[in-house]
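>>> What shape does this take:
(4 chains)
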There are 2 protein chains.
Amino acid sequence: MDRRQQKTRAAILQACIDLLKEKDFRHITVGDIARRANINRGTFYLHFTDKYDMLDSFENEMAEKIERVLVDNIPKEPDPRLFIESRYHTIVQIFECYQENKELLHFLLKCSYSSFQAKLRNKLKRVAVEHLFPQLEKLKVGMPLSADLFVIVFTSVSLSLAEYAYQSQTPLNVEQAAKFLFNVFLQGPAKTLGLLQDGQT
Amino acid sequence: MDRRQQKTRAAILQACIDLLKEKDFRHITVGDIARRANINRGTFYLHFTDKYDMLDSFENEMAEKIERVLVDNIPKEPDPRLFIESRYHTIVQIFECYQENKELLHFLLKCSYSSFQAKLRNKLKRVAVEHLFPQLEKLKVGMPLSADLFVIVFTSVSLSLAEYAYQSQTPLNVEQAAKFLFNVFLQGPAKTLGLLQDGQT
DNA sequence: CAATTTAATGAACACCGTGTTCATTTTCTT
DNA sequence: AAGAAAATGAACACGGTGTTCATTAAATTG
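The predicted structure is shown next:
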C-alpha cells in the first residue's frame, strides 16, 4: 500500500476520532472529515464511497484484529472437557487487543449508536437500583458498576430472545424465556447451555 | 391529543415499519415516509423536527412501556434475600410486553444499528463453532442458538468492560477483566456480583 | 349545531451536503 | 531520472432538508 494512502487513511481515522468528541456521527459530514484531516474532500472519495463505507472499513479492521487473536490461539485439538477454562489466555489477549486499540474501539462503539438499548438500560438501571435491588449500588467489583452489568446482561439477552422469536416467526414463549433468562443470571451461560459437566466450575 | 395527530403518528410509525423491510434506516428519507404514510411531507415536520427525532420519540415510547411494567411491579418492601427469584412474574410480564409490541420493537432494534458488534459477533461465532466449541452448534435450548447466546454475552460484557475503562480513563486491567468475564460465564452474573448467599440458586 | 381552534395540505423556496468530473500538481516506486 | 499513482482544487448537477404561507379539512368547545 502506497505510503500516501496509509497517511491519508490514518489522517481520516484520526479526524473522525477527534470529531466524534464534538458531535454525533450522523452530523459529521465528509467535508468536516476532510477539513480536519487536512485533505481534499475529493481525496476522501478515492478511499471510500461514503462515510458509512468508511465506518464499515474501520469496523472490519478492528473486528479482524480481534478475530486474529482468536484464530492464532486455536488449539491443536479442542478439549471439550475443559471447555472455557482452557481459553483463559486467549481472553486475556483479547482484552489486551481492546486496550491497544482503545481509541479506535471507542470510536466504533460510539458510532454504532444503539440508542434504544441505551435508553432502556438507563431506565431499568434506575428502577433496579432505587426500588428493586438497592444493594446493587453499593457493590464494587472493581469493574463496571454492578448495576451496569446487571442491565447489560438483562437487555442484551432478553431482547435477543425477543428478536430471535420474531425472526423465526414464532410467538415468544414468555414462560420459557423468563426461565431461560433466570438461568443465565443465576447459573451462568455456560451451565445454562449445558456446557459444563456437573460439579465443574 | 387530537385524534388527527394520533392517526398521523400511527401512520408514520407504520410507514417506517414497512419501509424498514425494504431499506436501511439511513436510506429512508422523510419524503419516503410521508409518501408511504399518505401524508404531506410538511405534516411530518409538525410532529418531529427530523427523522432522528422521530426515532427518539418512538424509542422513548417503547422504553416507557417496559419501564411501566417494572414500576407497576415494585414490591412494597424489597426482599434482599430472595433477590431475583422474587421478580419472576415481572420478567414474564416484560416478555409479554415485548411480544405485544414486537413490530415496534423489531423496528427499533433494526434502526439502532450496532454494526460493529454485529460484525464481531459473526466472526466470533464462526471461530467458536468451527474451532473452539464445536458442541455449541448442536445444542438446542429451545431458544436462540447456543452459539448466539454465547457471543452475545461475550461481546456485550467484554466490550462494556473495555468501554468502562476508557470512560474512567484508567488502563484496562486485563487479568482482572478476564477473570470477571469468566465468572460471569461460569457462575452467572448474580453470583459474580455477590448477590447470592452461598448455596442459594 | 355553530363557532372556534387546531391540524393537515400543497406549493414554493433557499440551503447544504453529496458524489462525480477533469486538468493539474505532487509524491511515491523502480 | 522516468513513469506510475495519488492528491489537489475547482466546478457541476442532483437530491433531500427544513421552513414559509395561504388555504382547506377536521377536531373540540360551548
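>>> When you work out contacts or count neighbours from here on, use the C-alpha atoms and nothing else.
Noted.
>>> Tell me which stretches of chain A form helices.
Under the criterion DSSP state H, chain A contains helices at A:3-19, A:30-37, A:41-47, A:51-72, A:88-100, A:102-111, A:115-127, A:135-138, A:146-167, A:174-187, A:189-192.
>>> Nearest to residue B:13, out of these?
helix A:115-127 (15.6 Å; C-alpha to C-alpha).
>>> which helices and strands does that closest one pack with?
helix A:146-167, helix B:51-72 (3 or more C-alpha pairs under 8 Å, 6 or more residues apart in numbering or on different chains; DSSP states H and E).
>>> right, and those helices - which one's nearest residue A:17?
Residue A:17 sits nearest to helix B:51-72 of all those, at 22.1 Å, using C-alpha to C-alpha.
>>> pull the CA atoms of the closest one into CSV?
Provided in CSV are the C-alpha atoms of helix B:51-72 (Å, rounded to 0.1, in the frame of the first residue of the first chain):
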residue,chain,number,x,y,z
LYS,B,51,-36.3,11.6,11.3
TYR,B,52,-33.9,11.0,14.2
ASP,B,53,-36.2,13.0,16.5
MET,B,54,-38.9,10.7,15.3
LEU,B,55,-36.9,7.6,16.1
ASP,B,56,-36.0,9.1,19.5
SER,B,57,-39.7,9.6,20.2
PHE,B,58,-40.7,6.0,19.3
GLU,B,59,-37.8,4.7,21.3
ASN,B,60,-39.0,6.6,24.4
GLU,B,61,-42.5,5.3,23.8
MET,B,62,-41.3,1.7,23.9
ALA,B,63,-38.8,2.1,26.7
GLU,B,64,-41.5,3.7,28.8
LYS,B,65,-43.8,0.8,28.2
ILE,B,66,-41.2,-1.6,29.5
GLU,B,67,-40.4,0.7,32.4
ARG,B,68,-44.0,0.9,33.4
VAL,B,69,-44.1,-2.9,33.7
LEU,B,70,-41.3,-2.7,36.2
VAL,B,71,-42.7,0.3,38.1
ASP,B,72,-46.1,-1.3,38.4
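>>> separation between residue A:72 and chain B?
11 Å (C-alpha to the nearest C-alpha, to the nearest Å).
>>> Tell me how many other residues crowd that residue.
Using other C-alpha atoms under 10 Å in any protein chain shown as the criterion, residue A:72 is surrounded by 9 other residues.
>>> where does it land on pLDDT?
According to the prediction, residue A:72 has pLDDT 96.
>>> Please tell me how far it sits from DNA strand D.
30 Å (C-alpha to the nearest atom of the strand, to the nearest Å).
>>> Can you tell me how far the residue nearest the centre of chain A is from residue A:24?
Centrality entry for chain A: nearest residue to the mean C-alpha point is residue A:109, 6.7 Å, by C-alpha atoms, centre = their mean. Here residue A:109 is placed at a distance of 12 Å from residue A:24 (C-alpha to C-alpha, to the nearest Å).
>>> Mind giving me the packing neighbours of the helix or strand of chain A with the lowest mean pLDDT?
In chain A, no helix or strand scores lower on mean pLDDT, DSSP states H and E than helix A:135-138, which sits at a mean of 75. Judged by 3+ C-alpha pairs under 8 Å, 6+ apart, the packing partners of helix A:135-138 are helix A:146-167.
>>> and the angle from the helix it packs on to helix B:102-111?
Angle between the axes of helix A:146-167 and helix B:102-111 is 110 degrees (criterion: axes from the mean of the first three to the mean of the last three C-alpha atoms, to 10 degrees).
>>> Mind listing what's buried along helix A:146-167?
The neighbour-count check on helix A:146-167 (16 or more other C-alpha atoms under 10 Å in any protein chain shown) flags A:146-166 as buried.
>>> Same check on stretch A:125-140?
Using 16+ other C-alpha under 10 Å as the burial criterion, the residues of stretch A:125-140 that qualify are A:125, A:127-129, A:131-133, A:135-136.
>>> ok, and the closest non-adjacent residue to residue A:135?
The spatial neighbour of residue A:135 that comes closest, neighbours along the chain excluded (C-alpha to C-alpha, 6 or more residues apart in numbering or on different chains), is residue A:129 at 7.5 Å.
>>> so what's that neighbour up against?
Going by C-alpha atoms under 8 Å, 6 or more residues apart in numbering or on different chains, residue A:129 touches A:135-137, A:147.
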